[in-house]
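**Student:** I would like to see how this sequence folds:
(chains A, B and C)
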Amino acid sequence: MKRRKYEELFFRLLMVVATVFVAGSFFLIVGTIFYKGAPYMNLDMITKTPGGGFYIGKEGGILNAIVGSMYIAGGATVLGLLISIPVAIYINMYMDGKTFWANTLRMAFDVLFGIPSIVYGAFGFLIMVYFGLRASLLGGIIAVTLLVIPILVRTLDEVIRTVPFELRDAALSLGSTRWEMAKVVLRQIRPGIFTAILLSFGRAIGDVASVLFTAGFSDNIPTSLHEPAATLPLAIFFQLSSPVEEVQGRGYASALVLTIVVLIITVLSEVFIKRFFKHKI
Amino acid sequence: MANKPHISVQELNVHLGNQHILNDINIDIPNKKVTSIIGPSGCGKTTLLKTFNRLLDNSDDVKITGKVLVDGENIYDPNVEVTHIRKKMGLLSQRPYPLPMSIYDNVAYGPRIHGTRKKQELDELVEKQLKATGLWEEVKDRLSGSATRLSIGQQQRLCLARGLAVGPEIILGDESTSALDPVSTHIIEDLFMQLKEQYSIVLVTHILRQAARISDYIIFVYMGKIIEYGPASEVLQNPKEELTKQYVKGYIT
Amino acid sequence: MLVLTLASVSVLIVIGIGLYYHSMPILHKLSLSDLLSTSVWKPLKGLFGFYPFIMGTLWVTGISIIIALPLCLLTALYINEYAPSRIRKVLTPFVNLLSGIPPVIFGVWGVLFIIPLIQDHIAPHFVSFSTGYSVLAGGIVLAVMIFPLIVSIISEVLRTIPQDLRDASLALGATKWETTRKVILRKALPGIIAALVLAISRAFGETIAVLMVCGNNAVVPHSVFDPGYPLPALIANNYGEMLSIPMYDSALMFAALLLFIIILLFNIISRVILARLERKLAS
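**Tutor:** Numbering: from 1, shown residues only, chains lettered A, B, ... in the order given. Here you go, the predicted model:
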């Protein structure tokens, strides 16, 4: 009996240690970034674009990258929504949500969700070559849109499924067409749509491999879709590759900026998810 | 009562969160008899049963005060070893829950945990309990097959055999025939009548006919309180309390 | 709407075809077995041996799974089986927040924390010299990246196991750990495997974080302290020169195709397992 008790205690301890490691790694990572990045952080970083010689230690900031990332993430999210909302509605309303085909489609999107961003980047690059586009804002948006569509479809799908059948039936029985019913459902899940937007934006802004080939890089804020655009992750990467310590430090600060932005987005989306599902149950 | 009560509940109060589920329960469960707990749904019958083997401990936010004495020992005493208490009781749930292993391993699960290792001993134990629940002939050729392939009635009997294998003194049944067809139900009820010669049996049921058929004693629980208690025939046909009268009305007429 | 749906899904097929089409030149020049098993990588001479990169990917992924799977299994078990609900509510968000951190940040952390850790504290016990840039670093960083994935899938699977089953085991006098080990783990096994497969597929494809810490040296690693050069890093690092050297773009597209196929396969296997689990529960 004693042996059993000790066994129980031992594994309990082991589990707690493992949990501390896993949950604590979040703090470790964010903490390290803050610790190393904060000393180099100043207002210039987020309000100026790189001056000449930024990468060897002279003036400037990463405004180009911040804006570039915002454009790309925003553009991809909008474009992605335009495609994903009809798709999610179609799967749930027109294909009646539970049939074999509907589930196969869902699985297909799940699989698309699992494809690494570098494949989307390579594919986006192929598309650009095919259409004769150069590395540009447009290219970046295309590649990231591809990346983001499965995320949106998945989230929207889950959210639409929480709308009870009765609501849809009620709308139909009042004589509305399927499309009008879809509009009702959409209004119902508005917070869910917002969550999907947040999730997709968060993913889009931090991803590197998809924009690596497709968006190029520039020290300026792009003024047209055909200009190359800087992105935060790439800016971080380039700064870190510099031999100058000052620039490396600024790289850490850029990482800090990105981390803060993404954390805010993630926390917001968690709050929204909780609020949304609370009303449903 | 002629013999000493097997379980004695004294001033038991159970709170789950903000709700006062069981209110000042004082009851004795007689030795080697079948006692049925009846009452409307949600009134605390199952909760009362679960206090007997301390399965309630696992629920979140539960507060238990009072004593539950089994063979004179308070099972809620802080020094008590919970697994030891649970060994004394066999539990049969509403739906059968065979463990994800073979038929043989299901029955041998309990004994193995408590130290029996020798193959021969286990073999004998498994055979004995499967025979006791009438399953032996049906499964003796496929003991290593998965337990989930049995029919529901067979699964429930397997769970009973599993529970008996650890050598309990008390059998607890939580509406244990409500998921079964009439034939399986009858088999299990007969088993209970046979087993009461060796074990004390406490059953929760909402089927009055079943309570009448097999019980020696009946406890009527309503809104977490014990309203009436006594020999089965008396409670069902000559209830003293008004609430009891109303509840068993359906049976008498 | 139907058109849009079908179009989106067919992206899957189009990607596959596109990558294959662009890999064809190199597949024509060198046989598949040559490509996969030789180690010489000299694009200027037209020699493309993918072996070191495949091995690099395998080493890094392998290390990450060895680290992550036990830790996450224990964590998921603790959170779902043992932790009181108050602690559970606090812990779960932090594991989820981890999944929101962009890969490049993991890479920065790897450079700031893991590399010095290996170079100064771990490697000296084992080898004479190491820069810290190694498959071990890649494996550790990757492991932390897949923590939330494994924990969340295993947690979901654990939540579907009915409490009554645990009660049945406990009622027989088993301790909580005995119940966990003998009943719960057995019931959750398919789900754990699905989580494992999914985690592998995620680890295979991760690019930037690993790239920043693994050394990018095109040799076959022989120990965890050796540098490595996984496939995604290969593609990412060389896309710039891709168009100027003949066949280079085809070679890189082939690498992308390899990744795509392997990940696709793993993904489908894992989803099928999970779908079958779901169906079993519904019945």
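
**Student:** residues of chain A that sit close to chain B?
**Tutor:** Within chain A, the positions near chain B by Cβ under 8 Å from any Cβ of the partner chain are A:1, A:4. C-betas here are computed from N, CA, C, even on glycine.

**Student:** burial of residue C:189, as a residue count?
**Tutor:** Each residue near residue C:189 was counted by other Cβ atoms under 10 Å in any protein chain shown, and the total is 12.

**Student:** distance check, it against chain A.
**Tutor:** Taking Cβ to the nearest Cβ, to the nearest Å as the measure, residue C:189 falls 18 Å from chain A.

**Student:** in a helix, that residue, correct?
**Tutor:** Yes. In this structure, residue C:189 lies within a helix as judged by DSSP: H, G, I helix; E, B strand; the rest coil.

**Student:** grab the most central residue of chain A for me.
**Tutor:** With distances taken as Cα atoms, centre = their mean, the residue of chain A nearest its centroid is residue A:203 (1.4 Å).

**Student:** residue nearest the centroid of chain B?
**Tutor:** Relative to the mean C-alpha position of chain B, the nearest C-alpha, by Cα atoms, centre = their mean, is the one of residue B:172, at 1.1 Å.

**Student:** wait, is it part of a strand?
**Tutor:** Yes. The secondary structure assignment for residue B:172 places it in a strand, going by three-state DSSP.

**Student:** roughly how far apart are it and chain A?
**Tutor:** 23 Å.

**Student:** confirm for me that that residue is in contact with residue B:91.
**Tutor:** Yes. When contacts are counted by Cβ atoms under 8 Å, residue B:172 is listed as touching residue B:91 (4.9 Å).

**Student:** ok, residue B:164 to residue B:26 distance?
**Tutor:** Look at residue B:164 and residue B:26: by Cβ to Cβ, to the nearest Å, they are 30 Å apart.

**Student:** quick revisit: skipping adjacent residues, who's closest to the residue nearest to the centre of chain A in space?
**Tutor:** In space, not counting the residues next to it along the chain, residue A:203 is nearest to residue A:151; the distance is 5.9 Å by Cβ to Cβ, 6 or more residues apart in numbering or on different chains.

**Student:** what's near enough to touch the one you found?
**Tutor:** With contact taken as Cβ atoms under 8 Å, 6 or more residues apart in numbering or on different chains, residue A:151 is in contact with A:80, A:113, A:196, A:199, A:200, A:203.

**Student:** could I get those residues as TSV with pLDDT and secondary structure?
**Tutor:** As requested, these are arranged in TSV below (pLDDT from 0 to 100; DSSP: H, G, I helix; E, B strand; the rest coil):
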residue	pLDDT	secondary structure
A:80	90	helix
A:113	87	helix
A:196	87	helix
A:199	87	helix
A:200	90	helix
A:203	88	helix
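
**Student:** residue A:21 against residue C:74, yeah?
**Tutor:** No. When contacts are counted by Cβ under 8 Å, residue A:21 is not listed as touching residue C:74 (9.1 Å).

**Student:** and for residue B:172 and residue B:91, which residues touch both?
**Tutor:** In terms of Cβ under 8 Å, 6+ apart, residue B:172 and residue B:91 are both contacted by the residues residue B:53.
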